[in-house]
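Trainee: Predicted model, plus sequence, below.
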Amino acid sequence: MPEKFDVIVVGAGPAGTSCALVCAQNGLNVLLIERGEYPGSKNVMGGVLYRKQMEELIPEFWKEAPLERPVIEQRFWMMDTESVVQFGYKGLEWGVEPYNNFTVLRAQFDQWFAKKAVDAGALLINETVVTECIVENGKVIGIRTDRPNGEVYADVVVLADGVNSLLSKQLGFHKEFRPDEVALTVMEVINLPKEKINDRFNLEDNQGCTIEIFGDSTKGNLGTAFLYTNKDSLNIGVGTTLSSMIKSKMKPYDLLDYLKTHPMVKPMLAGGESAEYLAHLIPEGGYRSVPKVAGNGVVVVGDAAQLVNAIHREGSNMAMHSGLLAAETVIEAKHRGDYSESSLNLYRQKLYDSFIIKDLEKYKDATHTFENHPQYFKEYVPMMNKAMSKFFTVDGTPKREKQKEIMKSVTAERGTIKVIQDIYRAWKAVK
Amino acid sequence: MHIVVCVKQVPDTKIIKINPKTNTLDRRSAPAILNPYDAHAVQEAVGIREKTGGTISVLSMGPPQATAVIKKSIEIGADRGYLISDRAFAGADTLATSYALSKALEKINKELPVDMIICGKHAIDGDTGQVGPGIARRMDIPPVTNVIEVSEVNLAEKTVLIKRKLSNGYELIQAELPCLLTVEKEINQIEYSPMPNMIKAAKYEPVIWAVSDFENVDRSQLGLKGSPTIVGKMFTPPRPEGGKKIEGSADEQVNQLMEILMEKKEVLTLQSSKQ
């Protein structure tokens, strides 16, 4: 007789592990299934872990979790082919408890996190692919794996199977995601001695820096690049929506190579040794792409539910929080003994009441706007670079005249009405 | 039928790095896995149990995290597992290891008499292949090495029919039970573990014994103290140089090959001296 659990969680990433952890802590019988060799072996993230949502799950996690560096500086680059306009913030208050966010290497962090769930009593099974949900009378009653005698039953199945979520697609919760709803990101981990990182980024040992790069980093396409400091390695990566990649016929690895040899980036990587190469899809459809998240005996969390805020590069924190909300719902459903869709819809309500959906709603038009109006990345970034260059070059021209010239060149390139339209459109998309 | 399989946790030598200064394995550079030969040993025990019924126990020596290889063995199909773990075992060579394992086997044998012990041919981190035969000697049972097939287990007669791999062929022998086998990889294919085994393994807590759990143990034979092995020198073998590719038409290739062979006279003389 196949075993029955209270909860089966499919996928040991941040969303699944959070859900398994909280369910196990509350005495539920939890089975956590991971397709990789170990949790983290298949997971990819630029590398920023936010403190707040993690702390809600494991208080003072920074005292024992395998973290790289607390981020004390966030820089933003508007990059042209041979120049960059930069702004950012560096503050020592981010370098002390309770911190703001950290750089992490997921292969290590996810293993540690999953062990916390196991210590709380969850059963973790690796190297096992869940092929489908077992549905009976319109209700999910378990899962089927690719192993012999592979059926396992549960009151609730939590789908944390990541961006493509074939399992929720099989249930009809969403259609195949469109190329403009997902971004393809490639990244490399480059080993570099700690001292060099500290020198190049102006940091102390336990201080980290993140740089988000817009403009030429994606050759003007909708997307961003990033460069993050680990203890003794750098994470560098670049991603654009799949649709822009198709439209511009770019290969993702060509784009990463272009970035690595860009004159603004190359000196920071010099002498580094490539240690890992990773690629992954990121759900970036935002608010309008969030699928059905609860059904009879099933809930969907994390990337599988498209819970990513692309504008603020927040994803793992939303994943963790959604896992927590799902766990709270499942625990309440168990008390009621009711795992129907109407009972589990409490999760949907919690999700929509939380910062997750509120933030996604705020930016619901952003991706779409920037995707359909490439001028923001393609034209304005080079324009800004030219303007700054002109403004700061001392050549005897009076400053007031320079300002006039700059304004003139901007409106000459785009046309005054268009510029006003562009500003209004961008403001509307992010207001 | 009670089969005990001895397993070892080893670093995955496929990806391990070697410290260029000390010439020792940098164990942190590779994940710890179940020694591949031992996985085949467990799989073989599962195959035998299918025919004879009975119980499979696995036994390992190592630090507490070595419970991972016992869990892995449960995934493959073992019924239960024992880990002997104690600071007193640390630094053991093959002599001290086989002594410690034989003490554990004595204890297991008291709980449930052992009919067969199976080990992997050797561990991929040491490549000695001595612990298996060492255990057999201490238990005073026949060691049968390089096994590629266990064709018949006769519980009534207490015999087993075994095929052994030799350098120039194979050997078919009959051994008496209890005996100890060390197996080659080709003995079987590791099967994809069924889901119930995976769940059982995830739940399983192995029995952990320390030295104090054993009776009549001579502590001077354990760990570093009981290990007479001296490592004289360690070196990384040089990478073999790439070969030469002979190209051209068939005739040209034969001519070229003959020229090379004629130049390397020792190849030809070696052959002729053999005849």
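Mentor: Everything's here; your move.
Trainee: C-alpha from now on. contacts and neighbour counts both.
Mentor: OK.
Trainee: Could you pull up the mean pLDDT of stretch B:38-50?
Mentor: Taken as a whole, stretch B:38-50 carries a mean pLDDT of 97.
Trainee: Using just helix, strand and coil, how would you label whichever residue of chain A sits closest to chain B?
Mentor: Nearest residue of chain A to chain B (CA to the nearest CA) works out as residue A:148 at 4.4 Å. The three-state label given to residue A:148 by DSSP: H, G, I helix; E, B strand; the rest coil is coil.
Trainee: Now it, what are its backbone angles?
Mentor: Dihedral pair for residue A:148: phi -60, psi 150, per degrees, to the nearest 10.
Trainee: now residue A:87
Mentor: According to degrees, to the nearest 10, residue A:87 has phi -150, psi 170.
Trainee: measure it to residue B:234 for me?
Mentor: 54 Å (CA to CA, to the nearest Å).
Trainee: quick one, domains of chain A?
Mentor: A:4-67+A:104-175+A:289-353, A:182-283, A:367-430 (automatic domain parsing).
Trainee: which residues touch the residue in the stretch 101-250 of chain B positioned nearest to chain A?
Mentor: Nearest residue of the stretch 101-250 of chain B to chain A (CA to the nearest CA) works out as residue B:194 at 4.4 Å. Neighbouring residues of residue B:194 by CA atoms under 8 Å, 6 or more residues apart in numbering or on different chains: A:147, A:148, A:149, A:150, B:75.
Trainee: Surely the third one touches residue B:193?
Mentor: No. Assessed by CA atoms under 8 Å, residue A:149 is found out of contact with residue B:193, at 9.4 Å.
Trainee: Compare those two (neighbour count), which wins?
Mentor: residue B:193 (18 against 15; other CA atoms under 10 Å in any protein chain shown).
Trainee: Just the pLDDT for residue 243.
Mentor: Defaulting to chain A. Per the predicted model, pLDDT is 89 at residue A:243.
Trainee: that's the other chain; I wanted chain B
Mentor: We have a pLDDT of 82 for residue B:243.
Trainee: With residue A:412 instead?
Mentor: So, for residue A:412, pLDDT stands at 80.
Trainee: What count of nearby residues applies to it?
Mentor: 11.
Trainee: Doesn't it belong to a strand?
Mentor: No. Secondary structure of residue A:412 (three-state DSSP): helix, not part of a strand.
Trainee: Now do it against residue A:400, distance only.
Mentor: Applying CA to CA to residue A:412 and residue A:400 gives a distance of 18 Å.
Trainee: How about residue A:151?
Mentor: In terms of CA to CA, residue A:151 sits 75 Å off from residue A:400.
Trainee: can you check residue B:216 too?
Mentor: 96 Å.
Trainee: wait, what's in contact with residue B:234?
Mentor: B:22, B:23, B:24.
Trainee: Of these, which is the nearest to residue A:335?
Mentor: residue B:24 (56.5 Å; CA to CA).
Trainee: coming back round to it: nearest to residue A:9, of the contacts of residue B:194?
Mentor: Out of the contacts of residue B:194, the member with the shortest distance to residue A:9 (by CA to CA) is residue A:150, at 15.0 Å.
Trainee: Could you list the low-pLDDT ranges of chain B?
Mentor: B:266-275 (pLDDT under 70).
Trainee: which residue is nearest the centroid of it?
Mentor: Geometric centre of chain B, nearest residue: residue B:120, 2.4 Å, by CA atoms, centre = their mean.
Trainee: Now residue B:157. Its backbone dihedrals?
Mentor: phi -80, psi -10.
Trainee: pLDDT of the biggest helix by length in chain A, averaged?
Mentor: Longest helix in chain A by number of residues (criterion: DSSP state H): helix A:316-336. Helix A:316-336 comes out with an average pLDDT of 96.
Trainee: Quick check: buried residues in that helix?
Mentor: A:316-334 (16 or more other CA atoms under 10 Å in any protein chain shown).
Trainee: Likewise for stretch A:378-395?
Mentor: Quick answer for stretch A:378-395 (16+ other CA under 10 Å): A:378, A:379, A:380, A:381, A:382, A:383, A:384, A:385, A:386, A:387, A:390, A:391.
Trainee: Local confidence estimate at the residue of chain A closest to chain B?
Mentor: In this model, residue A:148 carries a pLDDT of 95.
Trainee: Need the nearest residue in space to it, chain neighbours excluded.
Mentor: Using CA to CA, 6 or more residues apart in numbering or on different chains and skipping the chain neighbours, the partner closest in space to residue A:148 is residue B:194 (4.4 Å).
Trainee: Can you name the residues of the stretch 151-275 of chain B sitting close to chain A?
Mentor: B:192, B:193, B:194, B:195, B:196, B:198, B:199, B:202, B:203 (CA under 8 Å from any CA of the partner chain).
Trainee: Ignore what I typed, I meant the stretch 1-150 of chain B.
Mentor: Close to chain A, as judged by CA under 8 Å from any CA, the stretch 1-150 of chain B has no residues.
Trainee: just to revisit the earlier point, which elements pack onto the longest helix of chain A?
Mentor: Counting contacts by 3 or more CA pairs under 8 Å, 6 or more residues apart in numbering or on different chains; DSSP states H and E, helix A:316-336 is packed against helix A:14-25, strand A:48-50, helix A:51-57, helix A:341-353.
Trainee: out of these, deepest packed?
Mentor: Among those, helix A:14-25 has the highest mean neighbour count (mean count of other CA atoms under 10 Å in any protein chain shown), at a mean of 29.
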